[in-house]
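>>> Any chance you could fold what I've pasted below:
(one chain, ligands or ions: 1)
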Amino acid sequence: MIIKRFETVHLLLINRGARRSRRPLFLMEQEMSRLSGRVALVTGASRGIGRAIAERLARDGASVAVNYVKNQDKAEALVAAITKAGGKAIAIQADVTRHEDVKRLFDETERRLDRPSIIVANAGALFVRPFAEMTDADFDTGFAVNVRGTFLTFIEAARRVPEGGRVIGFSTNLTLRGRPELGLYQAGKAAIEQFVKTMAKELGPRRITVNAVAPGPTDTEMLLPKAREEPPRVTPLGRIGQPEEIADVVAFLASDDARWVTGQVIGANGGIV
Ligand SMILES: NC(=O)c1ccc[n+]([C@@H]2O[C@H](COP(=O)([O-])OP(=O)(O)OC[C@H]3O[C@@H](n4cnc5c(N)ncnc54)[C@H](OP(=O)(O)O)[C@@H]3O)[C@@H](O)[C@H]2O)c1
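Here you go, the predicted model:
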(Lines give C-alpha, C1' and ligand atoms only; values in the text may rest on other atoms or scores of the structure.)
Protein backbone atom coordinates (compact mmCIF):
# COMPACT_ATOMS: atom_id res chain seq x y z
CA MET A 1 0.00 0.00 0.00
CA ILE A 2 2.73 2.41 1.06
CA ILE A 3 4.82 1.38 -1.95
CA LYS A 4 1.84 1.96 -4.24
CA ARG A 5 1.33 5.45 -2.85
CA PHE A 6 5.03 6.19 -3.24
CA GLU A 7 4.89 5.01 -6.85
CA THR A 8 1.89 7.23 -7.59
CA VAL A 9 3.60 10.29 -6.12
CA HIS A 10 6.81 9.36 -7.92
CA LEU A 11 5.00 9.09 -11.26
CA LEU A 12 3.11 12.33 -10.70
CA LEU A 13 6.40 14.12 -10.04
CA ILE A 14 8.00 12.57 -13.12
CA ASN A 15 4.94 13.49 -15.19
CA ARG A 16 5.07 17.09 -14.01
CA GLY A 17 8.83 17.25 -14.68
CA ALA A 18 8.42 15.69 -18.13
CA ARG A 19 5.76 18.25 -19.12
CA ARG A 20 8.00 21.10 -17.96
CA SER A 21 11.18 19.88 -19.64
CA ARG A 22 9.41 18.36 -22.68
CA ARG A 23 11.45 15.17 -22.15
CA PRO A 24 9.78 11.84 -22.95
CA LEU A 25 8.40 10.20 -19.81
CA PHE A 26 10.41 6.98 -20.22
CA LEU A 27 13.64 9.05 -20.39
CA MET A 28 12.74 10.93 -17.21
CA GLU A 29 12.08 7.63 -15.41
CA GLN A 30 15.39 6.19 -16.58
CA GLU A 31 17.31 9.32 -15.52
CA MET A 32 15.63 9.53 -12.12
CA SER A 33 16.77 6.08 -11.16
CA ARG A 34 20.36 6.32 -12.43
CA LEU A 35 21.82 8.02 -9.36
CA SER A 36 19.12 7.50 -6.77
CA GLY A 37 20.50 7.03 -3.27
CA ARG A 38 23.70 8.91 -4.13
CA VAL A 39 24.90 12.31 -2.96
CA ALA A 40 26.68 14.69 -5.33
CA LEU A 41 28.69 17.75 -4.34
CA VAL A 42 29.08 20.33 -7.13
CA THR A 43 31.39 23.31 -6.55
CA GLY A 44 30.48 26.57 -8.28
CA ALA A 45 26.91 25.45 -8.92
CA SER A 46 25.12 28.79 -8.49
CA ARG A 47 25.30 29.56 -12.21
CA GLY A 48 26.68 28.52 -15.60
CA ILE A 49 27.86 24.97 -16.18
CA GLY A 50 27.77 24.05 -12.46
CA ARG A 51 24.11 24.97 -12.26
CA ALA A 52 23.28 22.75 -15.24
CA ILE A 53 25.29 19.90 -13.65
CA ALA A 54 23.44 20.20 -10.34
CA GLU A 55 20.07 20.20 -12.15
CA ARG A 56 21.01 17.20 -14.28
CA LEU A 57 22.40 15.10 -11.38
CA ALA A 58 19.30 15.89 -9.33
CA ARG A 59 17.13 14.80 -12.25
CA ASP A 60 19.14 11.57 -12.33
CA GLY A 61 18.07 11.01 -8.72
CA ALA A 62 21.10 12.24 -6.72
CA SER A 63 20.76 14.53 -3.70
CA VAL A 64 22.88 17.55 -4.56
CA ALA A 65 24.98 19.99 -2.52
CA VAL A 66 25.02 23.26 -4.48
CA ASN A 67 28.17 25.19 -3.59
CA TYR A 68 28.60 28.91 -4.26
CA VAL A 69 30.96 31.63 -3.04
CA LYS A 70 29.00 34.90 -3.47
CA ASN A 71 25.70 34.36 -5.27
CA GLN A 72 23.53 33.04 -2.44
CA ASP A 73 20.30 34.15 -4.19
CA LYS A 74 21.13 32.19 -7.33
CA ALA A 75 22.15 29.09 -5.35
CA GLU A 76 18.95 29.20 -3.30
CA ALA A 77 16.83 29.75 -6.42
CA LEU A 78 18.42 26.64 -7.93
CA VAL A 79 17.73 24.61 -4.79
CA ALA A 80 14.09 25.77 -4.91
CA ALA A 81 13.82 24.79 -8.61
CA ILE A 82 15.29 21.33 -7.96
CA THR A 83 13.02 20.79 -4.96
CA LYS A 84 9.95 21.90 -6.93
CA ALA A 85 10.80 19.38 -9.66
CA GLY A 86 10.80 16.59 -7.04
CA GLY A 87 14.56 16.46 -6.37
CA LYS A 88 16.64 17.09 -3.27
CA ALA A 89 19.27 19.82 -2.94
CA ILE A 90 20.87 22.15 -0.41
CA ALA A 91 22.97 25.29 -0.89
CA ILE A 92 26.31 25.67 0.91
CA GLN A 93 28.52 28.76 0.83
CA ALA A 94 32.25 27.96 0.72
CA ASP A 95 35.29 29.52 -0.92
CA VAL A 96 37.13 26.61 -2.55
CA THR A 97 40.46 28.43 -2.26
CA ARG A 98 40.27 28.07 1.57
CA HIS A 99 40.94 24.62 2.96
CA GLU A 100 38.79 25.20 6.06
CA ASP A 101 35.86 26.10 3.81
CA VAL A 102 36.32 23.00 1.67
CA LYS A 103 36.43 20.75 4.76
CA ARG A 104 33.26 22.42 6.06
CA LEU A 105 31.63 21.96 2.63
CA PHE A 106 32.23 18.19 2.77
CA ASP A 107 31.25 18.00 6.47
CA GLU A 108 28.01 19.90 5.97
CA THR A 109 27.08 17.88 2.89
CA GLU A 110 27.57 14.66 4.85
CA ARG A 111 25.66 15.96 7.89
CA ARG A 112 22.68 17.28 5.91
CA LEU A 113 22.47 14.77 3.03
CA ASP A 114 24.90 11.86 3.49
CA ARG A 115 28.50 11.17 2.52
CA PRO A 116 29.00 12.45 -1.05
CA SER A 117 30.16 9.83 -3.54
CA ILE A 118 30.14 12.13 -6.60
CA ILE A 119 32.40 15.18 -6.42
CA VAL A 120 32.37 17.69 -9.27
CA ALA A 121 35.13 20.31 -8.91
CA ASN A 122 33.58 22.73 -11.36
CA ALA A 123 34.25 26.12 -9.69
CA GLY A 124 36.51 28.16 -11.92
CA ALA A 125 37.58 31.68 -12.80
CA LEU A 126 38.96 33.14 -16.00
CA PHE A 127 42.19 35.16 -15.83
CA VAL A 128 43.12 37.22 -18.89
CA ARG A 129 46.41 39.18 -19.09
CA PRO A 130 49.40 39.18 -21.46
CA PHE A 131 52.74 38.08 -20.00
CA ALA A 132 54.31 41.52 -20.48
CA GLU A 133 51.70 43.04 -18.16
CA MET A 134 51.66 40.37 -15.43
CA THR A 135 52.94 40.87 -11.88
CA ASP A 136 54.10 38.40 -9.22
CA ALA A 137 50.69 38.64 -7.57
CA ASP A 138 48.94 37.51 -10.76
CA PHE A 139 50.54 34.09 -10.37
CA ASP A 140 48.58 33.50 -7.15
CA THR A 141 45.38 35.15 -8.41
CA GLY A 142 45.42 33.29 -11.73
CA PHE A 143 45.90 29.91 -10.07
CA ALA A 144 43.70 30.49 -6.99
CA VAL A 145 40.25 29.14 -7.91
CA ASN A 146 41.20 26.79 -10.74
CA VAL A 147 44.32 25.13 -9.35
CA ARG A 148 44.24 25.67 -5.58
CA GLY A 149 40.43 25.27 -5.47
CA THR A 150 40.49 22.01 -7.43
CA PHE A 151 43.56 20.83 -5.49
CA LEU A 152 41.82 21.32 -2.12
CA THR A 153 38.57 19.76 -3.37
CA PHE A 154 40.54 16.77 -4.70
CA ILE A 155 42.45 16.35 -1.40
CA GLU A 156 39.18 16.10 0.54
CA ALA A 157 37.64 13.89 -2.18
CA ALA A 158 40.62 11.50 -2.04
CA ARG A 159 40.23 11.22 1.74
CA ARG A 160 36.47 10.91 1.93
CA VAL A 161 34.84 9.52 -1.23
CA PRO A 162 33.66 5.96 -0.62
CA GLU A 163 34.52 2.92 -2.71
CA GLY A 164 33.04 3.13 -6.22
CA GLY A 165 32.76 6.94 -6.12
CA ARG A 166 33.30 9.51 -8.86
CA VAL A 167 35.61 12.53 -8.92
CA ILE A 168 35.31 14.95 -11.84
CA GLY A 169 37.46 18.03 -12.48
CA PHE A 170 37.27 20.78 -15.08
CA SER A 171 39.78 21.62 -17.80
CA THR A 172 39.23 23.52 -21.08
CA ASN A 173 39.75 22.95 -24.79
CA LEU A 174 42.30 25.79 -24.53
CA THR A 175 44.94 23.36 -23.21
CA LEU A 176 45.03 21.97 -26.77
CA ARG A 177 46.52 25.18 -28.13
CA GLY A 178 48.02 28.37 -26.70
CA ARG A 179 45.95 31.53 -26.85
CA PRO A 180 47.31 35.01 -26.19
CA GLU A 181 46.56 36.46 -22.74
CA LEU A 182 45.28 33.16 -21.32
CA GLY A 183 48.63 31.71 -20.19
CA LEU A 184 47.77 31.39 -16.49
CA TYR A 185 44.27 30.05 -17.16
CA GLN A 186 45.55 27.42 -19.61
CA ALA A 187 48.45 26.42 -17.35
CA GLY A 188 46.06 26.02 -14.40
CA LYS A 189 43.75 23.78 -16.38
CA ALA A 190 46.73 21.74 -17.62
CA ALA A 191 47.62 21.19 -13.95
CA ILE A 192 44.12 19.84 -13.31
CA GLU A 193 44.56 17.36 -16.17
CA GLN A 194 47.70 16.08 -14.41
CA PHE A 195 45.92 15.89 -11.02
CA VAL A 196 43.28 13.69 -12.66
CA LYS A 197 45.79 11.28 -14.18
CA THR A 198 47.64 10.83 -10.87
CA MET A 199 44.52 10.58 -8.72
CA ALA A 200 42.98 7.99 -11.05
CA LYS A 201 45.98 5.76 -10.30
CA GLU A 202 45.92 6.46 -6.56
CA LEU A 203 42.16 5.86 -6.15
CA GLY A 204 41.75 3.07 -8.71
CA PRO A 205 42.23 0.32 -6.10
CA ARG A 206 39.11 1.68 -4.35
CA ARG A 207 37.15 1.59 -7.67
CA ILE A 208 36.91 5.38 -7.64
CA THR A 209 37.13 6.94 -11.10
CA VAL A 210 38.74 10.35 -11.61
CA ASN A 211 38.26 12.27 -14.86
CA ALA A 212 38.18 15.79 -16.23
CA VAL A 213 35.74 17.37 -18.64
CA ALA A 214 37.26 19.93 -21.01
CA PRO A 215 34.52 22.13 -22.43
CA GLY A 216 34.93 24.30 -25.50
CA PRO A 217 33.34 27.77 -25.61
CA THR A 218 30.13 27.47 -23.60
CA ASP A 219 27.29 29.94 -23.16
CA THR A 220 27.94 31.27 -19.62
CA GLU A 221 29.03 34.54 -18.01
CA MET A 222 32.64 33.34 -18.21
CA LEU A 223 32.74 33.30 -22.00
CA LEU A 224 34.65 36.23 -23.51
CA PRO A 225 32.54 38.26 -25.99
CA LYS A 226 34.98 37.63 -28.84
CA ALA A 227 34.74 33.85 -28.26
CA ARG A 228 31.00 34.11 -28.98
CA GLU A 229 31.77 35.36 -32.48
CA GLU A 230 34.49 32.81 -33.31
CA PRO A 231 32.78 29.41 -32.93
CA PRO A 232 30.92 29.41 -36.22
CA ARG A 233 34.42 29.31 -37.73
CA VAL A 234 36.24 27.18 -35.14
CA THR A 235 33.77 24.44 -34.20
CA PRO A 236 32.71 21.96 -36.89
CA LEU A 237 29.23 22.05 -35.36
CA GLY A 238 29.13 25.78 -36.02
CA ARG A 239 27.98 27.15 -32.65
CA ILE A 240 28.99 27.52 -29.02
CA GLY A 241 27.99 24.86 -26.47
CA GLN A 242 25.19 25.08 -23.93
CA PRO A 243 25.82 24.33 -20.22
CA GLU A 244 23.37 21.40 -20.42
CA GLU A 245 25.56 19.77 -23.08
CA ILE A 246 28.49 19.78 -20.65
CA ALA A 247 26.23 18.54 -17.84
CA ASP A 248 25.23 15.55 -19.98
CA VAL A 249 28.90 14.50 -20.17
CA VAL A 250 29.28 14.90 -16.39
CA ALA A 251 26.12 12.82 -15.88
CA PHE A 252 27.66 10.03 -17.97
CA LEU A 253 30.93 10.14 -15.98
CA ALA A 254 28.96 10.08 -12.73
CA SER A 255 26.91 7.05 -13.81
CA ASP A 256 27.64 3.33 -13.69
CA ASP A 257 27.98 3.40 -17.48
CA ALA A 258 31.37 5.14 -17.02
CA ARG A 259 32.79 2.53 -14.60
CA TRP A 260 35.65 1.72 -17.03
CA VAL A 261 36.51 5.36 -17.80
CA THR A 262 39.17 6.84 -15.53
CA GLY A 263 42.21 9.10 -15.81
CA GLN A 264 40.73 10.72 -18.92
CA VAL A 265 40.20 14.25 -20.14
CA ILE A 266 36.94 14.24 -22.08
CA GLY A 267 36.57 17.04 -24.61
CA ALA A 268 33.06 18.47 -25.01
CA ASN A 269 33.66 21.21 -27.52
CA GLY A 270 31.75 20.77 -30.78
CA GLY A 271 34.76 19.19 -32.47
CA ILE A 272 37.65 21.56 -31.75
CA VAL A 273 40.73 19.34 -32.19
N1 LIG B 1 32.22 28.79 -20.11
C2 LIG B 1 33.18 28.31 -20.87
O3 LIG B 1 33.29 28.64 -22.09
C4 LIG B 1 34.18 27.31 -20.33
C5 LIG B 1 35.05 26.69 -21.23
C6 LIG B 1 35.98 25.76 -20.75
C7 LIG B 1 36.02 25.46 -19.40
N8 LIG B 1 35.15 26.08 -18.53
C9 LIG B 1 35.25 25.70 -17.11
O10 LIG B 1 33.98 25.23 -16.68
C11 LIG B 1 33.79 25.52 -15.30
C12 LIG B 1 32.50 26.31 -15.11
O13 LIG B 1 32.60 27.52 -15.85
P14 LIG B 1 31.36 28.50 -16.09
O15 LIG B 1 31.50 29.03 -17.45
O16 LIG B 1 30.10 27.87 -15.68
O17 LIG B 1 31.75 29.68 -15.05
P18 LIG B 1 30.83 30.86 -14.44
O19 LIG B 1 29.56 30.96 -15.19
O20 LIG B 1 31.73 32.04 -14.37
O21 LIG B 1 30.49 30.33 -12.95
C22 LIG B 1 31.53 30.17 -12.05
C23 LIG B 1 31.02 29.45 -10.82
O24 LIG B 1 32.14 29.22 -9.94
C25 LIG B 1 31.83 29.75 -8.65
N26 LIG B 1 33.05 30.19 -7.99
C27 LIG B 1 33.95 31.11 -8.39
N28 LIG B 1 34.93 31.25 -7.48
C29 LIG B 1 34.64 30.38 -6.47
C30 LIG B 1 35.26 30.08 -5.24
N31 LIG B 1 36.40 30.67 -4.85
N32 LIG B 1 34.68 29.14 -4.44
C33 LIG B 1 33.53 28.53 -4.81
N34 LIG B 1 32.90 28.79 -5.97
C35 LIG B 1 33.45 29.72 -6.79
C36 LIG B 1 30.83 30.86 -8.90
O37 LIG B 1 30.07 31.12 -7.71
P38 LIG B 1 29.32 32.55 -7.44
O39 LIG B 1 28.15 32.56 -8.39
O40 LIG B 1 28.92 32.49 -6.03
O41 LIG B 1 30.32 33.63 -7.77
C42 LIG B 1 30.00 30.24 -10.04
O43 LIG B 1 29.04 29.36 -9.50
C44 LIG B 1 35.03 26.32 -14.88
O45 LIG B 1 35.97 25.46 -14.26
C46 LIG B 1 35.58 26.85 -16.19
O47 LIG B 1 36.95 27.13 -16.13
C48 LIG B 1 34.23 26.99 -18.96
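>>> where along this structure do the strands fall?
Here the chain has its strands, by DSSP state E, at 39-42, 63-68, 88-93, 118-121, 166-170, 209-215, 265-268.
>>> Dump the ones you listed to CSV, plus mean pLDDT.
What follows is those, written out as CSV (pLDDT from 0 to 100):
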stretch, mean pLDDT
strand 39-42, 98
strand 63-68, 99
strand 88-93, 98
strand 118-121, 99
strand 166-170, 99
strand 209-215, 98
strand 265-268, 98
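>>> Which residue, neighbours along the chain excluded, lies closest to residue 258?
Computed as C-beta to C-beta, 6 or more residues apart in numbering, the closest residue to residue 258 that is not its neighbour in sequence is residue 252, at 5.5 Å. For every residue, glycine as well, the C-beta is placed using N, CA and C.
>>> What parts of the protein come near the ligand?
Residues of the chain found near the ligand (C-beta under 6 Å from any ligand atom) are 43-50, 67-71, 74, 95-97, 122-125, 145, 149, 170, 172, 215, 217-218, 220-223.
>>> run the last query once more with 5 Å
44, 46-50, 68-71, 95-97, 122-124, 145, 170, 172, 215, 217-218, 220-223 (C-beta under 5 Å from any ligand atom).
>>> And this structure, what are its domain boundaries?
1-34, 35-268 (automatic domain parsing).
>>> Could you tell me the end-to-end distance of the longest one?
Domain 35-268 has an end-to-end distance of 22 Å (C-alpha to C-alpha, to the nearest Å).
>>> So that it lines up with my notes, have the first residue be 30 from now on.
Sounds good: first residue 30 from here, last item domain 64-297.
>>> That domain: how far from the chain's middle?
For domain 64-297, the separation from the chain centroid amounts to 3 Å (computed by C-alpha atoms, centre = their mean, to the nearest Å).
>>> any weak-confidence spans in the stretch 30-179 of the chain?
Along the stretch 30-179 of the chain, segments meeting pLDDT under 70 span 30-61.
>>> Could you pull up the residues touching the closest residue to residue 181 other than its chain neighbours?
Nearest non-adjacent residue to residue 181, counting by C-beta to C-beta, 6+ apart: residue 131, 4.5 Å away. Listed by C-beta atoms under 8 Å, 6 or more residues apart in numbering, the contact set of residue 131 reads 123, 125, 181, 182, 184, 185.
>>> With distance to residue 230 and neighbour count added, can I get those in a markdown table?
Listed next are the contacts of residue 131 as a markdown table, based on distance: C-beta to C-beta, whole Å; neighbours: other C-beta atoms under 10 Å:
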| residue | distance to residue 230 | neighbour count |
| --- | --- | --- |
| 123 | 28 | 23 |
| 125 | 24 | 25 |
| 181 | 20 | 22 |
| 182 | 18 | 26 |
| 184 | 16 | 15 |
| 185 | 19 | 19 |
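>>> ok, of these, which one's closest to residue 212?
Nearest to residue 212 out of the contacts of residue 131 is residue 125 (C-beta to C-beta; 21.9 Å).
>>> does the closest one really touch residue 152, like I thought?
Yes: using C-beta atoms under 8 Å, residue 125 is in contact with residue 152, at 4.9 Å.
>>> Can you work out which residues contact both of these two?
72, 73, 96, 98, 174, 178, 179, 182.
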